[in-house]
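Peer 1: Build me a model:
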Amino acid sequence: MSVVDDMKIKDTLIIFTRYPEPGNVKNRLIPVLGKDGAAALQNDMVKHTLKTARDFATTDGIVLEVHYNGGDERKMEALLGTELSFIPQEGIDLGEKMHASFLRAFTGGSQRVVLIGTDCPGITTAILRQAFSALKGCDCAIGPSADGGYYLIGLKGPIPDIFRSIPWGTGKVLKHTYEIIKGIGLQAVLLDRLSDIDRPEDLPSWHEAAKARSLPMISVIIPAIDEKTFIRKTLKSALAGKNVEVIVADGGSIDGTRELSASLGARVVPTCKGRAAQMNEGVGHALGDILLFVHADSVLPRGYDDAIRSALADSDVAAGAFSLSFHEGDFVMDLIAFGANLRSRYLKLPYGDQGFFVRKGTFHNAGGFPEVPIMEDVAFIRAMHETGRVVTLKSKVTTSSRRFQAISPFRALVLNQLAMVGFFLGMPIDDLAVLYRSRERSIGIWMKQLIIAAKKRITRRA
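Peer 2: Numbers count the residues shown, from 1 in each chain. Below you'll find the model as predicted:
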């Protein structure tokens, strides 16, 4: 089943929470925060979770419901807005209430249902996307919490047994639940382990999450066609950033790239073929104020998000890129990377495989990437020079050398430089693309065409 087909399935995301009534929430934090402080924290955490859930539900076509305990619908609407579906929890203990919520969703026609609490600030849109993706092939998805419970549980059908005879409120909740799932012959996928905010020692995690949420969001856009072999490492490096979303602009993969990307937490956007068109389409789905364009075979450096935000804090900077390195680190490739970094720093001409970053407003003002068959990255950077400074960061993107190795590194390097010269001489872009992609790639033919282009340029100036 394709990613596009999955969008037609009715999926439901349930936020399971309590109304923040002083004295009735976060009881273990009352000695430190007081009743009102604990209720205020609950209020903030509900809104924090809701923001993530809304972002995910809006972009992925998911039904969003809030199942609450305490208060009433009027109070919940005053707290969170009138456009949401507020449903009171039913049952005596936690297990009965969760089972009732799942049963209600499945009875209403949902085929995949994920339920999350509001105590875990580390929940991201990527984790929610992973949970729904996991439910394509297994019966249950569970997000383990550090205290032995779980912050998320997803099902693709009612499983009442996993909510019965569970020692709720203890460190054995996850263990018992998982044993029951295995005991009845079902399959479960465990997601990343995250921390809940329940005790005073957990509060620093909340402050850290709140700080990260206040950072400008970065939308990482990865154009891809049949990149299953390489894209896993690219996605993991991108998803390691704080307050980021990852969009794979897929131009028609048939090798499992789309399915793998979704399973790792990326949002997959089907597009027409062509790198520039794919990246432009990805921007149309981006929520972030900052855009980062990365090739599907490139791995971002640790802390890339902080480095980008720091660079763009300077209003004179229009765009930037990372320094370049290659996975296959031999002398020849190191030399090519050295030359590329010199060009990028001193001529201010980074290439697309270095990862471009830019503010969304600047991108739109420049008209995006020109949808041409070749050199779209060079044309884009030229437009950025008219807006402000183009910087190259010291931290390095590590990319594959496959395009160099395909025809020998030195030959590929020479052809790249010839293509650059042809572009700046004003060779018709379609002719340049045909010549660059020609199997023969004769240097003599290149020189002949460059001389013709140079003469035309001189004539135009005269």
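
Peer 1: Once you drop chain neighbours, what's closest to residue 143?
Peer 2: Leaving aside its sequence neighbours, residue 143 sits nearest to residue 152 (CB to CB, 6 or more residues apart in numbering; 3.3 Å). Every C-beta, even on glycine, is put in place using the N, C-alpha and C of the backbone.

Peer 1: So that neighbour sits against residue 191, correct?
Peer 2: Yes. Counting by CB atoms under 8 Å, residue 152 touches residue 191, with 6.6 Å between them.

Peer 1: can you list residues touching both of the two?
Peer 2: 127, 131, 141-143 (CB atoms under 8 Å, 6 or more residues apart in numbering).

Peer 1: Go through the residues you listed and name the one nearest residue 87.
Peer 2: For these, the closest approach to residue 87 (CB to CB) belongs to residue 131, at 20.1 Å.

Peer 1: ok, the closest one to residue 254 distance?
Peer 2: 26 Å (CB to CB, to the nearest Å).

Peer 1: which one of those two has more residues nearby?
Peer 2: residue 131 (26 against 10; other CB atoms under 10 Å).

Peer 1: which ones are touching the more buried one?
Peer 2: Counting by CB under 8 Å, 6+ apart, residue 131 has contacts 114, 141, 143, 152, 154, 191.

Peer 1: and the residue nearest to residue 395 when sequence neighbours are not counted, what pLDDT?
Peer 2: Leaving aside its chain neighbours, residue 395 sits nearest to residue 301 (4.1 Å; criterion: CB to CB, 6+ apart). As predicted, residue 301 sits at a pLDDT of 97.

Peer 1: Which pLDDT does the model give the residue lying closest to residue 298 once chain neighbours are set aside?
Peer 2: In space, residue 298 comes closest to residue 399 once its chain neighbours are excluded; the distance is 4.1 Å by CB to CB, 6+ apart. According to the prediction, residue 399 has pLDDT 93.

Peer 1: how about residue 399, phi and psi?
Peer 2: phi -120, psi 170 (degrees, to the nearest 10).

Peer 1: Distance check, it against residue 209.
Peer 2: Distance, residue 399 to residue 209, using CB to CB: 31 Å.

Peer 1: Who has more neighbours out of those two?
Peer 2: Neighbour count, other CB under 10 Å: between residue 399 and residue 209, residue 399 has more, with 26 against 21.

Peer 1: my guess is residue 312 contacts residue 289, does it?
Peer 2: No. Here residue 312 lies out of contact with residue 289, judged by CB under 8 Å, at a distance of 9.2 Å.

Peer 1: tell me, what residue is most central in the chain?
Peer 2: Among the residues of the chain, the one closest to the centroid is residue 246, at 1.8 Å (CA atoms, centre = their mean).

Peer 1: Can you name the residues bridging to it?
Peer 2: residue 220 (DSSP bridges).

Peer 1: Let me see the ranges of the strands in the stretch 51-200 of the chain.
Peer 2: Remark: strands assigned in the stretch 51-200 of the chain by DSSP state E, counting those that start in this stretch are 63-69, 85-88, 112-116, 140-144, 150-155, 188-190.

Peer 1: could you dump these to JSON lines with distance to residue 387, mean pLDDT and mean neighbour count?
Peer 2: Formatted as JSON lines, the strands of the stretch 51-200 of the chain follow (distance: least, CB to CB, whole Å; pLDDT from 0 to 100; neighbours: other CB atoms under 10 Å):
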{"stretch": "strand 63-69", "distance to residue 387": "38", "mean pLDDT": "96", "mean neighbour count": "20"}
{"stretch": "strand 85-88", "distance to residue 387": "44", "mean pLDDT": "96", "mean neighbour count": "16"}
{"stretch": "strand 112-116", "distance to residue 387": "41", "mean pLDDT": "98", "mean neighbour count": "25"}
{"stretch": "strand 140-144", "distance to residue 387": "42", "mean pLDDT": "96", "mean neighbour count": "23"}
{"stretch": "strand 150-155", "distance to residue 387": "42", "mean pLDDT": "97", "mean neighbour count": "26"}
{"stretch": "strand 188-190", "distance to residue 387": "45", "mean pLDDT": "95", "mean neighbour count": "17"}
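
Peer 1: so which of those strands comes closest to residue 388?
Peer 2: With CB to CB as the measure, strand 63-69 is the member of the strands of the stretch 51-200 of the chain nearest residue 388 (39.3 Å).

Peer 1: ok, that closest one: who's next to it in the sheet?
Peer 2: For strand 63-69, pairing defined by DSSP bridges yields strand 11-18 (parallel), strand 85-88 (parallel).

Peer 1: mind checking which of those is nearest residue 340?
Peer 2: Here strand 11-18 is closest among these (CB to CB), at 43.8 Å.

Peer 1: which residues of the protein score low on pLDDT?
Peer 2: 1-9, 406, 439-441, 462 (pLDDT under 70).

Peer 1: domains for it, by residue range?
Peer 2: 3-212, 215-403, 407-462 (automatic domain parsing).

Peer 1: most neighbours per residue, which of those?
Peer 2: Mean neighbours per residue, mean count of other CB atoms under 10 Å, is largest over these for domain 215-403, with a mean of 20.

Peer 1: next one: that one to chain centre, how far?
Peer 2: 12 Å (CA atoms, centre = their mean, to the nearest Å).

Peer 1: Next: stretch 394-405.
Peer 2: 21 Å.

Peer 1: Would you mind measuring the gap between the ends of it?
Peer 2: End-to-end span of stretch 394-405 (CA to CA, to the nearest Å): 25 Å.

Peer 1: Surely residue 228 is in contact with residue 255?
Peer 2: Yes. Residue 228 lies in contact with residue 255 (CB under 8 Å); the separation is 4.7 Å.
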